[in-house]
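**Student:** can't give you the sequence, but here's the structure:
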Ligand code: XUL
Ligand code: CO
């Protein structure tokens, strides 16, 4: 088996004073931060879609990067992709990967043939994993949005035949996830939504999407899958309005259909901002609802209105993200997958490494800052004190259920004006505290 990146060796950790572009400055896999090694805290994963297949094609032009991996035939290319992916993971000290079925192995003539070729690639990956047990599957998913058959959705298609086809494809992707020991299975509904309500039966579409998810859970549990299911919220793109708009919307959906025990969130940074939320907001909503699962790490561009899926370099965002992760108790089945692609103009093989190093160092810095933020305690203490009125007196009585509207009316009438019970929110001071911690590493 040939080496794909023979001019690049294993990426070392050289520390913050290194100027070697092919070295980590902040990601030191075995260093303990917050009680676990950085490797365990961050659980980095390579994504097959963008890294192994994304060649820079966009709406206005063809690919700029060669992602054929030296093979012109689809079966040989699928295998070469596996070899190259394992080499990238190895050189970057990445333990996890995630996949869309069709990025591992494309469609062939019929579903039966597609499945057969897909199985062969999954077996090949299983062999590679057996040879190197440090490599693990973070999650699998089915690409039910690419082919024209999904133009009106998969689980929400007006065609029952398309629904059945989607179920067949998802069943196979679950089989592969289970076979490769994955602890996560993702539903991302890029085509599950509508362009116009003039042609849409929203109620039936939502019921059907829930039916498909229920079937998937029942099937997976029946073959011994014990991992998590994730929904990855995204408000739009490619569809104008997507049903999995944001975490709060998805929680409502899951609860309505009794799916909330099996599903958690896979939060993607750029999807959060498309929904006009911060990344931290989405993580906080998930955490507060016991639905924090996994993370697709990338960043958008504030001047662009679409999902640019850039490798994350914004340390501030990464720090606030890792604060939520640490507060959630860290990752369990989930991890941090780079659902990110190098810019179209970053077209050389080395750019794959520069991109991952940038993203991994950004989250390593984020982890270091988040850990300091928590051990420093100034921000947590401020928040605790801000809500002190709920720990005694009338606040405690409300929480303990000891008072109702009549008692509160009596209390308010006796108390008089209450504006003075408020103190400053001190936003600027807290932002300065965060800066102080960030730049004091
Ligand atoms: C698309 C996206 C997907 C999901 C998995 O915006 O994020 O790659 O992560 O289907
Ligand atoms: Co994603």
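**Tutor:** That came in fine, so what should we check first? Just so you know, these numbers come straight off a predicted model, no measurement behind them. Ligands and ions are numbered 1, 2, ... in the order given.

**Student:** taking the stretch 51-200 of the chain, what residue is nearest to ligand 1?
**Tutor:** In the stretch 51-200 of the chain, the residue that lies nearest ligand 1 is residue 188 (3.4 Å; C-beta to the nearest ligand atom). (Each C-beta comes from the backbone N, C-alpha and C, glycine too.)

**Student:** tally up the residues packed near that residue, please.
**Tutor:** Using other C-beta atoms under 10 Å, residue 188 has 24 neighbouring residues.

**Student:** where does the closest residue in space to residue 63 that isn't next to it in sequence sit: helix, strand or coil?
**Tutor:** In space, residue 63 comes closest to residue 55 once its chain neighbours are excluded; the distance is 3.2 Å by C-beta to C-beta, 6 or more residues apart in numbering. For residue 55, the secondary structure call by DSSP: H, G, I helix; E, B strand; the rest coil comes out as coil.

**Student:** run a quick neighbour tally on residue 55.
**Tutor:** As a burial measure, the neighbour count of residue 55 was computed by other C-beta under 10 Å and equals 15.

**Student:** ok, it touching residue 61?
**Tutor:** No - under the contact definition of C-beta atoms under 8 Å, residue 55 does not touch residue 61, with a separation of 10.9 Å.

**Student:** can you list the buried residues in the top helix by length along the chain?
**Tutor:** In terms of residue count, the longest helix belonging to the chain (DSSP state H) is helix 349-376. Of all the residues in helix 349-376, those buried under the rule 16 or more other C-beta atoms under 10 Å are 349, 352-353, 355-374, 376.

**Student:** give me the helices and strands touching that helix, please.
**Tutor:** Secondary-structure packing of helix 349-376 (3 or more C-beta pairs under 8 Å, 6 or more residues apart in numbering; DSSP states H and E): strand 32-33, helix 38-42, strand 44-47, helix 74-92, helix 315-327, helix 427-438.

**Student:** which SSE is immediately downstream of that helix?
**Tutor:** With elements assigned by DSSP states H and E, the helix or strand that comes after helix 349-376 is helix 378-386.

**Student:** off-centre distance for that next one?
**Tutor:** For helix 378-386, the distance from its own C-alpha centre to the chain's C-alpha centre is 29 Å (C-alpha atoms, centre = their mean, to the nearest Å).

**Student:** for it, name the packing helices and strands.
**Tutor:** Checked by 3+ C-beta pairs under 8 Å, 6+ apart, helix 378-386 has helix 427-438 packed alongside it.

**Student:** run the angle between the helix it packs on and helix 378-386 for me.
**Tutor:** Using axes from the mean of the first three to the mean of the last three C-alpha atoms, to 10 degrees, the interaxial angle of helix 427-438 with respect to helix 378-386 works out to 150 degrees.
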